[in-house]
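**Q** this one's sequence-less:
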């Protein structure tokens with residue numbers, strides 16, 4: 001059966017029963033081993049998230065890699081950034097994470113990293129081509145080892161951090177993903193008192209979807225912060241590479257506003273560039289410029305942001321979806337636990353600092369359902385209908401005027417079109433939402449998610 005759609009822009013995701021099966025994963029191990037051998041790679045590290053299928057996929061992947069001659073170290077159930085840390089800090093040649101991040105519990109997949117560099121779309125295409133023709137290798141078998149990373153990784157974060165102002169009272173919503181216990185462990189090492197919500201890893205995600213960028217998933221966290229009189233709240237996704245922050249007043253701080261706070265802090269001490277994806281607010285660009293930095297726009301996707309950070313020797317970067325990547329004092333990969341540590345000194349003044357940031361009316365990132373076979377055709381069909389806008393096609397289509405912009409792009413990980421709109425007035429936001437909803441409707445796309453923004457706010 002052909003499952004083209006599981007090969008995403010830079011990772012692999014699909015249904016664990018019908019698509020990401022043990023036989024697929026065993027064969028993937030062979031293909032990865034061949035790809036790695038071509039690059040002179042032999043030492044790899046693997047980890048898995050809390051999904052019910054992850055253990056059997058780990059076994060199948062390990063078998064395929066060993067049959068392909070790889071030396072495989074398994075760090076067990078661990079957050080994605082702990083795997084990345086093992087690759088970059090301990091000198092492994094490559095890492096493979098078994099996870100589907102925030103996807104539904106029935107899904108699973110794989111993320112990848114090379115030593116000190118992201119696994120890009122071109123690398124995934126090469127892997128896909130190898131997979132298409134691979135057969136069982138006739139090689140000397142590799143080896144299998146186990147490694148406990150929790151203390152090594154968390155101690156490295158603690159040692160990197162300067163002192164925080166005072167012990168804090170923090171609510172942590174782990175989303176029943178793999179990273180909840182790791183973050184509470186880290187915060188307690190800083191002397192914080194943790195109030196845990198859904199921090200028991202459970203791959204069925206019984207309480208809410210492990211996507212902290214959706215406000216409905218963070219409603220319990222917001223309520224708990226206010227009820228407990230906590231200093232802040234942290235929300236995690238399924239594999240621990242994205243962070244949501246809730247302020248003492250209950251504001252859910254999205255990725256671009258987090259980046260603005262981090263930019264203000266870093267640019268006090270250093271001059272350099274900060275990378276952000278095209279979905280980020282105009283406010284972020286203004287803050288970076290006002291503080292003497294250089295704003296660099298990137299296509300959406302954490303490997304693309306990481307690559308832009310590396311290419312430009314940037315201080316940090318991130319996405320509106322809350323992938324936060326620090327190259328300043330860290331390794332340049334997306335790491336929710338490290339980002340949580342870096343925001344701790346700001347927490348006592350968080351509400352004050354947030355209120356000082358400008359605000360432009362905007363939509364959240366809206367994921368408008370479009371089937372996998374149709375989503376890639378929407379943007380080319382939409383382009384001729386946007387003649388009144390300035391267009392940037394670095395990533396999907398970014399259409400702008402002097403007082404607003406919209407970004408529409410096929411999702412790399414879901415059957416949908418991602419849409420975000422920002423404007424300098426509510427009236428302009430309403431006008432743009434109405435226009436885009438109508439144009440999408442003409443293409444047969446049901447854009448009802450835009451309806452709340454088509455009326456006066």
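**A** On my side now, so go ahead. None of the values given here were measured: they were computed from a predicted structure.

**Q** On the three-state scheme, the spatially closest residue to residue 78 that is not a sequence neighbour is what?
**A** Spatial nearest neighbour of residue 78, chain neighbours left out: residue 47 (4.3 Å); criterion: C-beta to C-beta, 6 or more residues apart in numbering. Where you see a C-beta, it was placed from the backbone N, CA and C, and this is true even at glycine. The three-state label given to residue 47 by DSSP: H, G, I helix; E, B strand; the rest coil is strand.

**Q** can you pull the contacts of residue 47?
**A** Going by C-beta atoms under 8 Å, 6 or more residues apart in numbering, residue 47 touches 74-80, 82-83, 86, 95-98, 149.

**Q** Surely residue 275 forms part of a helix?
**A** No - Residue 275 is assigned strand when assessed by three-state DSSP, not a helix.

**Q** And for it, the neighbour number?
**A** 30 (other C-beta atoms under 10 Å).

**Q** That one contacts residue 314, doesn't it?
**A** Yes - counting by C-beta atoms under 8 Å, residue 314 is a contact partner of residue 275 at 5.0 Å.

**Q** Overlap of the contact sets of these two?
**A** Common neighbours of residue 275 and residue 314 (C-beta under 8 Å, 6+ apart) are 296, 308.

**Q** beta partners of the residue nearest to residue 78?
**A** Judged by DSSP bridges, the bridge partners of residue 47 are residue 97.

**Q** what about it, distance to residue 127?
**A** In this structure, residue 47 and residue 127 are 18 Å apart, going by C-beta to C-beta, to the nearest Å.

**Q** how deep is residue 368 tucked in, by neighbour count?
**A** Close neighbours of residue 368, defined as other C-beta under 10 Å, add up to 21.

**Q** element containing the nearest residue to residue 154 once chain neighbours are set aside, please.
**A** Sequence neighbours aside, residue 186 is the residue nearest to residue 154 in space, at 5.0 Å (criterion: C-beta to C-beta, 6+ apart). Element membership of residue 186 [criterion: DSSP states H and E] is helix 180-189.

**Q** Just after that helix, pick out the following helix or strand.
**A** Assigned by DSSP H and E, the successor of helix 180-189 is strand 193-197.

**Q** Packing partners of the following helix or strand past that following strand?
**A** Beyond strand 193-197 on the C-terminal side, the first helix or strand identified by DSSP H and E is helix 219-228. Counting contacts by 3 or more C-beta pairs under 8 Å, 6 or more residues apart in numbering; DSSP states H and E, helix 219-228 is packed against strand 169-173, strand 193-197, strand 232-236, strand 243-246.

**Q** among the ones you listed, which is the most enclosed?
**A** For the helices and strands packed on helix 219-228, average neighbour numbers computed from mean count of other C-beta atoms under 10 Å are highest in strand 232-236, which has a mean of 29.

**Q** Return the mean pLDDT over that one, rounded to an integer.
**A** Strand 232-236 shows a mean pLDDT of 98.

**Q** now for it, which elements pack on it?
**A** Strand 232-236 packs on strand 169-173, helix 180-189, helix 219-228, strand 243-246, helix 336-343, going by 3+ C-beta pairs under 8 Å, 6+ apart.

**Q** Kindly recompute the last result at 6 Å.
**A** When contacts are defined as 3 or more C-beta pairs under 6 Å, 6 or more residues apart in numbering; DSSP states H and E, strand 232-236 sits against strand 169-173, helix 219-228.

**Q** I'd like the ones you listed as a markdown table, with mean pLDDT and distance to residue 293 appended.
**A** Output for the helices and strands packed on strand 232-236, formatted as a markdown table (pLDDT from 0 to 100; distance: least, C-beta to C-beta, whole Å):
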| stretch | mean pLDDT | distance to residue 293 |
| --- | --- | --- |
| strand 169-173 | 98 | 29 |
| helix 219-228 | 98 | 31 |
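
**Q** Next secondary structure after the helix or strand where residue 60 lies?
**A** Residue 60 belongs to helix 54-67 when assigned by DSSP H and E. Where DSSP H and E defines the elements, the next helix or strand beyond helix 54-67 is strand 71-77.

**Q** Just the pLDDT for the residue nearest to residue 154.
**A** For residue 186, the model assigns a pLDDT of 97.

**Q** Wait, residue 335 touches residue 82, no?
**A** No - at 8.8 Å, residue 335 does not count as touching residue 82 under the criterion of C-beta atoms under 6 Å.

**Q** Tell me how many other residues crowd the nearest residue to residue 404 once chain neighbours are set aside.
**A** Spatial nearest neighbour of residue 404, excluding adjacent residues (C-beta to C-beta, 6+ apart): residue 423 at 3.3 Å. Using other C-beta under 10 Å, residue 423 is surrounded by 23 other residues.

**Q** For residue 423, list the residues it contacts.
**A** Going by C-beta atoms under 6 Å, 6 or more residues apart in numbering, residue 423 touches 361, 404, 429.

**Q** can I get the residues you listed in JSON lines with pLDDT?
**A** Formatted as JSON lines, these follow (pLDDT from 0 to 100):
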{"residue": "361", "pLDDT": "95"}
{"residue": "404", "pLDDT": "94"}
{"residue": "429", "pLDDT": "96"}
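
**Q** Is the spatially most central residue of the chain bridged to anything, and to what?
**A** Nearest to the geometric centre of the chain sits residue 323, at 4.1 Å (C-alpha atoms, centre = their mean). Judged by DSSP bridges, the bridge partners of residue 323 are residue 242.

**Q** hang on, the earlier thing: how far is the helix holding residue 60 from where the chain is centred?
**A** Relative to the centre of its chain, helix 54-67 is centred 25 Å away, using C-alpha atoms, centre = their mean, to the nearest Å.

**Q** Any regions of the stretch 51-200 of the chain where pLDDT drops low?
**A** 163-165 (pLDDT under 70).

**Q** in stretch 11-30, what's buried?
**A** 11-16, 19-22, 24-30 (16 or more other C-beta atoms under 10 Å).

**Q** picking up where we left off before, surely the residue nearest to residue 154 and residue 153 touch.
**A** No - using C-beta under 6 Å as the test, residue 186 is too far from residue 153 to be in contact (8.9 Å).

**Q** Over to residue 352. Which of the three states is it?
**A** Going by three-state DSSP: residue 352 is helix.
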